[in-house]
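# Kindly return the folded structure for what I paste below:
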Amino acid sequence: LKELLNKELPIFGSKQMDEAEFKRLVNDLDHNKDSEVDFKEYVCFLACITMGFNEFFKDDPSKQHRRK
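Residues are numbered from 1 along each chain as shown. Down below sits the predicted model:
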């Protein structure tokens, strides 16, 4: 999961995540408490991040990246 986050969501890699932070993240994502983050749990995480970014960018057009 740590490698996937660093590869697919480099914003998480901008600050080196220590082992305690990573374990806390996995524990928060692991809704069924089986000590694994399955696909459904990961997709829910991505959906929450997407909604958060949407809220951040929708009210301030100057924050939006414009394609040329």
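# Which parts of the protein are helices?
Along the chain, counting by DSSP state H, helices occupy 2-8, 10-13, 19-29, 39-58.
# other SSEs contacting the first one?
What that stands for is helix 2-8. Counting contacts by 3 or more CB pairs under 8 Å, 6 or more residues apart in numbering; DSSP states H and E, helix 2-8 is packed against helix 10-13. From N, CA and C alone the C-beta is placed, and that goes for glycine too.
# run the last query once more with 6 Å
For helix 2-8, there is no helix or strand it packs on, judged by 3 or more CB pairs under 6 Å, 6 or more residues apart in numbering; DSSP states H and E.
# Quick check: buried residues in it?
The neighbour-count check on helix 2-8 (16 or more other CB atoms under 10 Å) flags Leu5 as buried.
# Same check on the longest one?
Counting neighbours by 16+ other CB under 10 Å, one finds that the buried residues in helix 39-58 are 41, 45.
# how far off helix 19-29 does it point, in degrees?
Angle of helix 39-58 versus helix 19-29, following axes from the mean of the first three to the mean of the last three CA atoms, to 10 degrees, is 100 degrees.
# related to what we said a few turns ago, okay, the helices of the chain in TSV with mean pLDDT next?
Output for these, formatted as TSV (pLDDT from 0 to 100):
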stretch	mean pLDDT
helix 2-8	73
helix 10-13	62
helix 19-29	87
helix 39-58	88
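# Val37 - how many residues pack around it?
20 (other CB atoms under 10 Å).
# how near is it to Asn54?
Distance of Val37 to Asn54, computed by CB to CB, to the nearest Å: 23 Å.
# same thing with Phe39?
22 Å.
# got it, and Glu3?
Taking CB to CB, one finds Glu3 at 26 Å from Asn54.
# do Lys33 as well
Taking CB to CB, one finds Lys33 at 29 Å from Asn54.
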